[in-house]
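> task: produce atomic coordinates for the following.
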Amino acid sequence: MSVREEMKKLTGTFFNHRQVSVQEAIYRATKMPLTYSSRGFVFVPAHSNSCKFLKSQNMLKEMDPDDENIYMSNLADKYFDRPEEPEFDICMADFASEYEIVSIKKDIKNPKTPIKRLQTLNFAIKKRCNRNAIIRYPYFNRETDRENYFENLLSLYLPIRSRNDLKKPYELFYQIGEFFDARQQCIRKVKDIVHENQRKYEAHVKETGETESLFNELSLNMKDNDWAEIVANREKDSIWSREIEQEDDPDFNVIHKSKNKNTFIDLKQTYATTDEMRPLLESMNNEQQEVFYHVREWCTKRLHNRDVEPLRLFITGGAGTEPDENIDEIHTLITAFTGAAAVNVGGVTIHSAFGIGTQPNSLNDHLSCDKLNSYRCKLHSLKLLFVDEVSLIQAKLWGAMHARLTQIMGIHSNTA
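Predicted structure coming up:
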């Protein structure tokens, strides 16, 4: 395989398996901002096992081979290197939110706030002028990863000078530990200091903690017979399903099934077997089954009597009711107003199905003889028409659909 073919294959892989849109990829590649905000965001690597970036290749070449300081400093390193002044007796969350890191090489003329240099690192800090930044930090599950959770919590909200100020085990240190508060010049409980600083950034921390504790208490107090009842009901449903599978109902074999195509050109009817229909019917609720059997009864009458009254059925429901499940069972032609809805139900748009223009002044355009003959060949066996998202269709489009159907079918009746 040549280099050109390899590059083409690689490009196709990225294009077909992308996780973001092309527009977003362009924005990210050109470093254009996707959003604008009046407040900045800062990620706080509070945990001791946070990821770090290696120094540049040029810097590593100039260093001593035995030097272990090969990582770039992150925000936590700058926090621990802050000046030894009472002003900076703050937690890491306050440091990240209220202060901005600047380079000492950068010449800032007439700064609005004083610039303080760090003790050892070649950086300086200055207080933010307008609004504090919004902090983001790692999340650890309190129930399954308790030590990492409490270490991260203490590192964020306890004003420490080094990680050695945190004592293991972290959960015990959080619950009963004491710490000298430099601002109040007294010894306070670690838990109180953490809660005081945490409320600045997590307004509903108390309600969240109470909800989590209540959930854990209910989980522990759940009786064994409750689980036994759930298992028994599940086993009962399984036995009932197996009994249904053993039945042989010939009525299932006359149900028409649609083809999974996004075009109306192929209207050849196929048939579903009993085994294929059972899981579809079992997945319906009572209302959906009533609609299904109502349509099935009309289809049976239509096969024996061509003069039967046309079926007019409006199916609707709130989010989650899935009225489209009835569409998947029997249909001849499925249409929708938008292309996305048409793809979801395996159909086509109304405009493409009947050759109706998208412009308002083209709704009443007549088809030429060639196009009319083509549509009559394609839709001569049309018996059922399903329209999704009817709330989006205007009255003029309904009229255009009616006029086009009467033109294609060669009839002039209000019941077309």
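> C-alpha from now on. contacts and neighbour counts both.
Will do.
> so Val42, which state does it fall into?
strand (DSSP: H, G, I helix; E, B strand; the rest coil).
> what residues does stretch 88-107 touch?
Stretch 88-107 has contacts (CA atoms under 8 Å, 6 or more residues apart in numbering) with 42, 44, 46, 75-76, 79, 82, 117, 122-128, 132-135, 155-160, 182-183, 197.
> go again using 7 Å as the cut-off
With CA atoms under 7 Å, 6 or more residues apart in numbering as the test, stretch 88-107 has contacts from 42, 44, 79, 122-128, 132-135, 155-160, 182-183.
> filter those residues to the buried ones?
42, 44, 79, 123-127, 132-133, 155-160 (16 or more other CA atoms under 10 Å).
> which of the residues you listed fall within helices?
Tyr79, Ser155, Leu156, Tyr157 (DSSP state H).
> confirm for me that the second one is in contact with Ala46.
Spelled out, it's Ser155. Yes: contact criterion CA atoms under 7 Å: Ser155 and Ala46 qualify, at 5.6 Å.
> and the strands in the stretch 51-200 of the chain, which stretches?
Applying DSSP state E, counting those that start in this stretch to the stretch 51-200 of the chain gives strands spanning 99-103, 115-117, 123-127, 134-136, 178-181, 186-189.
> in CSV, list those along with mean pLDDT and distance to Met401.
Shown next, in CSV, are the strands of the stretch 51-200 of the chain (pLDDT from 0 to 100; distance: least, CA to CA, whole Å):
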stretch, mean pLDDT, distance to Met401
strand 99-103, 90, 63
strand 115-117, 89, 71
strand 123-127, 90, 66
strand 134-136, 91, 54
strand 178-181, 92, 77
strand 186-189, 93, 75
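> tell me which of those lies nearest to Asn286.
Closest of these to Asn286 is strand 134-136, at 47.0 Å (criterion: CA to CA).
> do you have the helices of the stretch 251-400 of the chain handy? List them.
Counting by DSSP state H, counting those that start in this stretch, the segments of the stretch 251-400 of the chain that form helices are 274-282, 286-304, 324-329, 339-344, 350-354, 369-379, 395-409.
> hmm, back to that, closest to Val3 among the ones in helices among the buried ones among the contacts of stretch 88-107?
Closest to Val3, out of all of these and judged by CA to CA, is Tyr79, at 48.6 Å.
> now the closest one: how far from Thr113?
Separation of Tyr79 from Thr113 (CA to CA, to the nearest Å) stands at 18 Å.
> what does Thr349 give?
Distance of Thr349 to Thr113, given as CA to CA: 61 Å.
> the two: who's more crowded?
Comparing Thr349 with Thr113 by other CA atoms under 10 Å, the one with more neighbours is Thr349, at 24 against 11.
> can you pull the contacts of the more buried one?
Thr335, Ala336, Phe337, Thr338, Gly339, Ala342.
> let's see 10 Å
Residues in contact with Thr349 (CA atoms under 10 Å, 6 or more residues apart in numbering) are 262-264, 334-343, 355-356, 387-388.
> next one: Asn148
By CA under 10 Å, 6+ apart, the residues touching Asn148 are His47, Ser48, Asn49, Pro138, Tyr139, Phe140, Asn141, Arg142, Leu154, Tyr170, Glu171.
> looking at these, which are in helices?
Filtering the contacts of Asn148 for helices - DSSP H - leaves Leu154, Tyr170, Glu171.
> would you confirm that the second one contacts Phe150?
Yes: using CA atoms under 10 Å, Tyr170 is in contact with Phe150, at 5.7 Å.
> comparing the two, which shows the higher neighbour count?
Phe150 (22 against 19).
> domain parsing for the protein?
Domain assignment for the chain by automatic domain parsing gives 37-218, 250-409.
> quick one, which of those is nearest to Val3?
domain 37-218 (28.4 Å).
> can I get the strands of the stretch 51-200 of the chain in TSV including distance to Ser374?
Listed next are the strands of the stretch 51-200 of the chain as TSV, based on distance: least, CA to CA, whole Å:
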stretch	distance to Ser374
strand 99-103	70
strand 115-117	78
strand 123-127	74
strand 134-136	61
strand 178-181	85
strand 186-189	84
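> those: which one's closest to Ile315?
Nearest of those to Ile315, taken as CA to CA: strand 134-136 at 45.7 Å.
> what's stretch 125-135 in contact with?
Residues from elsewhere that reach stretch 125-135 (CA under 10 Å, 6+ apart): 38-44, 78-79, 82-83, 93-104, 111-118, 201.
> what bridges to Ile134?
Counting by DSSP bridges, Ile134 is bridged to Phe41.
> relative to Leu158, how far out is it?
From Ile134 over to Leu158 the distance is 18 Å, taken as CA to CA.
> show me what contacts Arg4?
Neighbour list for Arg4: Leu10 [criterion: CA under 10 Å, 6+ apart].
> now do the helix or strand where it lies: distance to the chain's middle.
Arg4 is part of helix 3-16 when elements are defined by DSSP states H and E. Counting by CA atoms, centre = their mean, to the nearest Å, helix 3-16 is centred 28 Å from the centre of its parent chain.
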